[in-house]
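1. Provided below for reference: sequence and predicted model.
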Protein chains: 2
Amino acid sequence: MEVEILVIGNEILIGKTLDTNSNWIAKRIVKYGHKLKRITAIEDDIIIISNTLRNILEREPDMIITTGGLGPTFDDMTLEGIAKGLNRELELNQHAYVSIMRAYEHAYERGILKLEGMTKEREKMSYLPQGSIPLPNIRGTAPGVKLKEGETTIFILPGVPAEMKAMFLNVINPILKEKRGKFVEKGLYFMGIGESQIAPYVTKLEEKYSQLWIKTHPRIGLSLEVEISITGFNVENGDALANQALNEIREVILNLGGKIRER
Amino acid sequence: MEVEILVIGNEILIGKTLDTNSNWIAKRIVKYGHKLKRITAIEDDIIIISNTLRNILEREPDMIITTGGLGPTFDDMTLEGIAKGLNRELELNQHAYVSIMRAYEHAYERGILKLEGMTKEREKMSYLPQGSIPLPNIRGTAPGVKLKEGETTIFILPGVPAEMKAMFLNVINPILKEKRGKFVEKGLYFMGIGESQIAPYVTKLEEKYSQLWIKTHPRIGLSLEVEISITGFNVENGDALANQALNEIREVILNLGGKIRER
């Protein structure tokens, strides 16, 4: 499956919050052999959300995951932006309404919140785009949403990491697992020879093992230490092939007089 | 100024590397009163780089900052992708060539690298899109690039954080400073009342102080602790206005029976 992440929130763009959600999600997408194609971070703005969603849909990913902008306040506009992008209306969802009401009752009874019952702002969170399936939020109040648009499944998740993660593990992880492909990742570090010195050998190996990605990453300036990493999505015998390619690289590094540090 | 960041690198999308560069850059853009409109992270792929660059240019930002994909290997394709996106040729840049050659000479003389002189892969880094001004890389070898396309200035920076930061501070920071606007950010934490309970007051304050953004962020699930933050770009008397708005919020919180924790 091909996946895109859409991060919605001014706090990311003003540098107040470091987006760690996307990295957490990326690891899980890759773990089950799927491909994250793009991460886009945008403002809380209805027009920008709706236009960006349309652009993503034009690329026809199998799955879109959005994070952020589901709260009760005025400037949480994700649901409105998504609805607009899909040309759908927002409508009161009874399941969402009841789960929000219960979450606030629970918080009131435990003395966490002092205002009982529903308000206009609390109700707002239960207005979902037509065709939504609400997703329970066991760590907070705002429910997530699952939607279909053509062949694309859209998951709308909260931005608070604990809430996002619980919802992801509950709803998205099983889908990734069920449709799993195979991802392989191997590598090592080397010193004493530079990225540019090994580059022609890497190019040759890339041609030989054309199903694998072979990539070098300088870890310290001036190539003091370089990581080489071999990755593959859904490659038959990927594990054996990657080991074979890695052995050839070990030989090249040692022949050139480099040192190897295994990962 | 309006700015967009384009992050180029498979390592971000497979979750191997957490992109901390964008957050570091975002803080500095905002510090001088400019606006980061969007962060986009994509693969090392010439077609995707060139198409994405064209999409960004359609939005006519004042500045685009790209990070990553400048190294000597086969799959560092940023310069080729940008050149294609701008319909320009890559051409050997003498300044870039000499600075790359010197960096490798220096590394060879200090015994860091064992291969002397230029190779095809080292040379590759000195082929820049037509009209490029190379930017010195004091922490590595691959030079950055400054380009103009219409009214947009494009900065192409390395992905290794130490190299990116040195280049940013040297070249981009002075421009941000020179064209500075004013950014204000104030806030506090509150407990005991929920985000949804304070939401109608926030909406009223947003109307009253329409030049400011007033936003609540739940910090712990179920609104156990909520942060309220007030931000403004280039608002006259922004500091005084934000203080005034914050005082009104303090009063609301205390009247509703909430507790305040100052930041």
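-> Looks like it came in fine. None of these values were measured; they are calculated from a predicted model.

2. only C-alpha atoms for contact and neighbour calcs from this point on.
-> Noted.

3. pop the domain breakdown of chain A in here.
-> Structural domains of chain A, as assigned by automatic domain parsing, span the residue ranges A:2-178, A:183-262.

4. what mean pLDDT would you report for the longest one?
-> In this model, domain A:2-178 has an average pLDDT of 94.

5. try the shortest one
-> In this model, domain A:183-262 has an average pLDDT of 88.

6. please see if it touches chain B.
-> Yes - with CA under 8 Å from any CA of the partner chain as the threshold, domain A:183-262 lies in contact with chain B, specifically through A:192-197, A:199-200, A:202-203, A:215-216, A:218-224, A:257.

7. in JSON lines, list the domains of chain A along with mean neighbour count.
-> Putting those into JSON lines (neighbours: other CA atoms under 10 Å in any protein chain shown) gives the following:
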{"stretch": "domain A:2-178", "mean neighbour count": "20"}
{"stretch": "domain A:183-262", "mean neighbour count": "18"}
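
8. nearest to B:Ser210, out of these?
-> domain A:2-178 (12.8 Å; CA to CA).

9. okay, how far is it across the closest one, tip to tip?
-> 14 Å (CA to CA, to the nearest Å).

10. and stretch A:248-262, by the same measure?
-> Criterion CA to CA; first-to-last residue distance in stretch A:248-262 is 14 Å.

11. can you confirm A:Ile260 is in a helix?
-> No - the secondary structure assignment for A:Ile260 gives strand rather than a helix, going by DSSP: H, G, I helix; E, B strand; the rest coil.

12. isn't A:Glu227 right next to A:Ile198, touching?
-> No - with contact defined as CA atoms under 8 Å, A:Glu227 does not count as touching A:Ile198 (11.5 Å).

13. coming back round to it: distance to B:Lys208 for the domains of chain A - can I get that in CSV?
-> Putting the domains of chain A into CSV (distance: least, CA to CA, whole Å) gives the following:
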stretch, distance to B:Lys208
domain A:2-178, 14
domain A:183-262, 50
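
14. report the secondary structure state of the spatially closest residue to A:Asp19 that is not a sequence neighbour.
-> In space, not counting the residues next to it along the chain, A:Asp19 is nearest to A:Ile12; the distance is 6.4 Å by CA to CA, 6 or more residues apart in numbering or on different chains. Taking three-state DSSP as the rule, one finds A:Ile12 in the helix state.

15. wait, what's in contact with the nearest residue to A:Ser229 once chain neighbours are set aside?
-> Taking CA to CA, 6+ apart as the measure, A:Ser229 lies nearest to A:Gly187, with 4.2 Å between them; neighbours along the chain are not counted. With contact taken as CA atoms under 8 Å, 6 or more residues apart in numbering or on different chains, A:Gly187 is in contact with A:227-230, A:246, A:262-263.

16. what does A:Met191 give?
-> With contacts defined as CA under 8 Å, 6+ apart, the neighbours of A:Met191 are A:223-226, A:258-260.

17. and A:Leu157, how close does it get to A:Asn93?
-> Here the distance between A:Leu157 and A:Asn93 works out to 16 Å (CA to CA).

18. need the single longest helix in chain A, by residues.
-> Longest helix of chain A, by residue count under DSSP state H: helix A:238-255.

19. what packs against it?
-> When contacts are defined as 3 or more CA pairs under 8 Å, 6 or more residues apart in numbering or on different chains; DSSP states H and E, helix A:238-255 packs onto strand A:183-191, helix A:195-208, strand A:225-233, strand A:259-262.

20. can you map out the helices along the stretch 1-150 of chain A?
-> Here the stretch 1-150 of chain A has its helices, by DSSP state H, counting those that start in this stretch, at A:10-13, A:21-31, A:46-58, A:78-85, A:94-109, A:120-124.

21. quick one: closest of those helices to B:Trp24.
-> When the helices of the stretch 1-150 of chain A are ranked by proximity to B:Trp24 (CA to CA), helix A:10-13 comes first, at 10.6 Å.

22. tell me what that closest one is packed against?
-> Based on contacts counted as 3+ CA pairs under 8 Å, 6+ apart, the elements that helix A:10-13 packs against are strand A:35-42, helix B:21-31, strand B:35-42.

23. tell me the angle the last one makes with strand A:35-42.
-> Taking axes from the mean of the first three to the mean of the last three CA atoms, to 10 degrees, one finds strand B:35-42 and strand A:35-42 inclined to each other by 180 degrees.

24. dump strand B:35-42 to PDB, keeping only the CA atoms.
-> Output in PDB follows, covering the C-alpha atoms of strand B:35-42 (Å, rounded to 0.1, in the frame of the first residue of the first chain):
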ATOM      1  CA  LYS B  35       5.700  32.800   8.100                       C
ATOM      2  CA  LEU B  36       6.400  29.100   7.400                       C
ATOM      3  CA  LYS B  37       3.500  28.000   5.200                       C
ATOM      4  CA  ARG B  38       4.200  24.400   4.600                       C
ATOM      5  CA  ILE B  39       6.700  21.500   5.100                       C
ATOM      6  CA  THR B  40       6.700  18.800   2.500                       C
ATOM      7  CA  ALA B  41       8.800  15.600   2.800                       C
ATOM      8  CA  ILE B  42       9.400  13.500  -0.300                       C
END
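
25. got a list of contacts for it?
-> Contacts of strand B:35-42 from elsewhere in the structure, counted by CA under 8 Å, 6+ apart, are A:13-14, A:37-43, B:1-10, B:12-13, B:22, B:26, B:29-30, B:48-49, B:233.

26. repeat that for stretch A:235-250.
-> A:182-187, A:202, A:205, A:209, A:211-212, A:230-232, A:260.

27. now do 10 Å
-> The contact list for stretch A:235-250 (CA atoms under 10 Å, 6 or more residues apart in numbering or on different chains) reads A:33, A:181-190, A:198, A:201-202, A:205-206, A:208-209, A:211-214, A:228-232, A:252-253, A:255, A:258-260.

28. the closest residue in space to A:Arg261 that isn't next to it in sequence pairs with what?
-> Setting aside the residues directly before and after it, A:Arg261 is nearest to A:Tyr189 in space (CA to CA, 6+ apart), at 5.0 Å. Per DSSP bridges, residues listed as beta-bridge partners of A:Tyr189: A:Glu227, A:Arg261.

29. what sits against A:Tyr189?
-> Contacts of A:Tyr189 were listed using CA under 10 Å, 6+ apart, and they are A:216-219, A:225-229, A:250, A:259-263.

30. could you redo the last one with a cut-off of 6 Å?
-> Residues in contact with A:Tyr189, defined by CA atoms under 6 Å, 6 or more residues apart in numbering or on different chains, are A:226-227, A:260-261.

31. mind listing what the closest residue to A:Arg263 other than its chain neighbours touches?
-> Spatial nearest neighbour of A:Arg263, chain neighbours left out: A:Leu188 (5.2 Å); criterion: CA to CA, 6+ apart. Applying CA under 6 Å, 6+ apart, we find A:Leu188 in contact with A:227-228, A:262-263.

32. in the stretch 51-200 of chain A, what residue lies closest to chain B?
-> As assessed by CA to the nearest CA, chain B sits closest to A:Gly140 within the stretch 51-200 of chain A, at 4.4 Å.

33. ok, that residue to A:Phe155 distance?
-> Here the distance between A:Gly140 and A:Phe155 works out to 17 Å (CA to CA).

34. how close does A:Thr67 get to A:Gly85?
-> Distance check for A:Thr67 against A:Gly85: by CA to CA, it reads 16 Å.

35. now A:Arg180. Its backbone dihedrals?
-> phi -60, psi 150 (degrees, to the nearest 10).

36. wait, what's in contact with it?
-> With contact set as CA under 6 Å, 6+ apart, A:Arg180 has these partners: A:32-33.

37. how about A:Phe233: what's its closest non-neighbour residue?
-> A:Phe183 (4.7 Å).

38. does the one you found touch A:Trp213 like I think?
-> No - with the criterion set as CA atoms under 6 Å, A:Phe183 and A:Trp213 do not qualify as a contacting pair; they are 11.4 Å apart.

39. ends of stretch A:147-159, how far apart?
-> Between the opening and closing residues of stretch A:147-159 we find a distance of 18 Å, counting by CA to CA.

40. now swap in stretch A:50-70 and tell me
-> 15 Å.
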